[in-house]
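Chemist: predicted coordinates and the sequence they were generated for:
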Amino acid sequence: KAGVTQTPRYLIKTRGQQVTLSCSPISGHRSVSWYQQTPGQGLQFLFEYFSETQRNKGNFPGRFSGRQFSNSRSEMNVSTLELGDSALYLCASSLGTANEKLFFGSGTQLSVL
Amino acid sequence: AQTVTQSQPEMSVQEAETVTLSCTYDTSESDYYLFWYKQPPSRQMILVIRQEAYKQQNATENRFSVNFQKAAKSFSLKISDSQLGDAAMYFCAYRSSMRYGANSKLTFGKGITLSVRP
């Protein structure tokens, strides 16, 4: 069974631009969660999507948004990039219907110049 | 809101020795899950071990075991017979039970960098 796939692995953008990150969950998983990892703040929860609906959201500005498609693949979008958005963005997938394990992808490293 | 604290930023252990990584958490919930995740240089978060709060027995997975003290809100990870491949960043994480609401959110500690000396 293929694992969680995140694309691209690395991304370099400049301030003010926007970016879209992609996450393909494990087959059969309906929940996709996104996390931001930085050296200063650690791992912070962004949002979770389940069956195309956002069901939980972290404390991030509206510039951070996401969506989930009918095949459970998810995208995360950050608009008007700031230097502080430079981070590793991780996504995790699970069945989402019980207290089961989360499986993580290898992340997308975003650098904002 | 729940918080997870890992107060040791770095630890070092000799190969084949035993090391214990500490974690404390704060919650008002009675039903929850605790995890230890490993993040090697490849950056992928790998689940090491999981503990259900309603279980009194400490979880074990091969060389990895936990010491779960619910009253003290403490959840430490013991790695026995440390191997070079154990070198990584380790994160303690908390997740609410689904009976508090349907979500898969994890709250992480800041992490600890473990180095293994040959």
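Modeler: Thanks, I have it. Residues are numbered from 1 along each chain as shown, chains lettered A, B, ... in the order given.
Chemist: please see if stretch A:38-49 touches chain B.
Modeler: Yes - with CB under 8 Å from any CB of the partner chain as the threshold, stretch A:38-49 lies in contact with chain B, specifically through A:42-45, A:48. No exception for glycine: its C-beta is placed from N, CA and C like everyone else's.
Chemist: which among these end up buried?
Modeler: By the neighbour-count criterion of 16 or more other CB atoms under 10 Å in any protein chain shown, those include these buried positions: A:42-45, A:48.
Chemist: can you report how many residues neighbour A:V4?
Modeler: As a burial measure, the neighbour count of A:V4 was computed by other CB atoms under 10 Å in any protein chain shown and equals 23.
Chemist: once you drop chain neighbours, what's closest to it?
Modeler: A:G105 (3.8 Å; CB to CB, 6 or more residues apart in numbering or on different chains).
Chemist: do B:Q2 as well
Modeler: According to CB to CB, 6+ apart, the nearest residue to B:Q2 is B:T27 (4.5 Å).
Chemist: without its sequence neighbours, what residue ends up closest to the residue positioned nearest the centre of chain A?
Modeler: The geometric centre of chain A, computed from its C-alpha atoms, lies nearest to A:W34 (CA atoms, centre = their mean), at 3.3 Å. Using CB to CB, 6+ apart and skipping the chain neighbours, the partner closest in space to A:W34 is A:L46 (4.1 Å).
Chemist: and that neighbour, what helix or strand is that in?
Modeler: Taking DSSP states H and E as the definition, A:L46 sits inside strand A:42-50.
Chemist: kindly calculate the angle that the helix or strand following that strand makes with strand A:42-50.
Modeler: Once strand A:42-50 ends, the next helix or strand along the chain (criterion: DSSP H and E) is strand A:53-57. Taking axes from the mean of the first three to the mean of the last three CA atoms, to 10 degrees, one finds strand A:53-57 and strand A:42-50 inclined to each other by 150 degrees.
Chemist: and the helix or strand following strand A:53-57, what does it pack onto?
Modeler: Per DSSP H and E, the first helix or strand lying C-terminal to strand A:53-57 is strand A:64-68. Counting by 3 or more CB pairs under 8 Å, 6 or more residues apart in numbering or on different chains; DSSP states H and E, the packing neighbours recorded for strand A:64-68 are strand A:42-50, strand A:74-78.
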